[in-house]
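Asks: the following comprises the amino acid sequence and a computationally predicted model.
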Amino acid sequence: MQATLKSYVIGFVSSVVLTLAAFSLVMYPGFFHASYGVLVPAIILLAIAQLFVQLIFFMHLASESELRWKLAAFISTVGIVLIVVVGSIWIMNHLNYNMMASPADMNAYIQSQDGF
């Protein structure tokens, strides 16, 4: 796809529509009669659609020239983002698990110490 004004306008309008659709699903779930089991997959599908709109219309990943270099840069970027996100979640989960004992355990520890 050539980088023209038309492609940028189509990409912008579709990005705004997808963003507003996800926002309205989250802000007004009663209007759409959507339960949590329907809401989460719908938002995930809208996010995937937004990803493809961004890749095709703004990053021009579908263009034929230098496709291999763009794809390699994209894959390495996705790898780095996955490492950072998964690593952060893993670290936060282990910090939460290892930080403190439950309040009952803390009270038992404090009462077991001499002088208290």
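Replies: It's in. Numbers count the residues shown, from 1 in each chain.

Asks: C-terminal to the host helix or strand of residue 48, what's the next element?
Replies: Element membership for residue 48, per DSSP states H and E: helix 36-53. Per DSSP H and E, helix 36-53 leads on to helix 67-99 as the next helix or strand towards the C-terminus.

Asks: check which residues of that following helix are buried.
Replies: By 16 or more other CB atoms under 10 Å, the buried positions in helix 67-99 come out as residue 70. C-beta here means a position set from N, CA and C on the backbone, and glycine is covered the same way.

Asks: would you put the C-alpha positions of stretch 85-96 in CSV?
Replies: Output for stretch 85-96, consisting of C-alpha atoms alone and laid out as CSV, is shown next (Å, rounded to 0.1, in the frame of the first residue of the first chain):
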residue,chain,number,x,y,z
VAL,A,85,6.0,-7.4,29.9
VAL,A,86,6.3,-11.0,30.9
GLY,A,87,9.4,-10.4,33.0
SER,A,88,7.6,-7.5,34.8
ILE,A,89,4.6,-9.6,35.5
TRP,A,90,6.8,-12.5,36.8
ILE,A,91,8.8,-10.2,39.0
MET,A,92,5.7,-8.5,40.5
ASN,A,93,4.1,-11.8,41.1
HIS,A,94,7.1,-13.1,43.0
LEU,A,95,7.5,-9.9,44.9
ASN,A,96,3.9,-10.0,46.0
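
Asks: starting at the chain centroid, how far to the helix holding residue 48?
Replies: Using CA atoms, centre = their mean, to the nearest Å, we find the averaged C-alpha position of helix 36-53 to lie 10 Å away from the chain's own average C-alpha position.

Asks: now stretch 76-86
Replies: Between the centre of stretch 76-86 and the centre of its chain there are 12 Å (CA atoms, centre = their mean).
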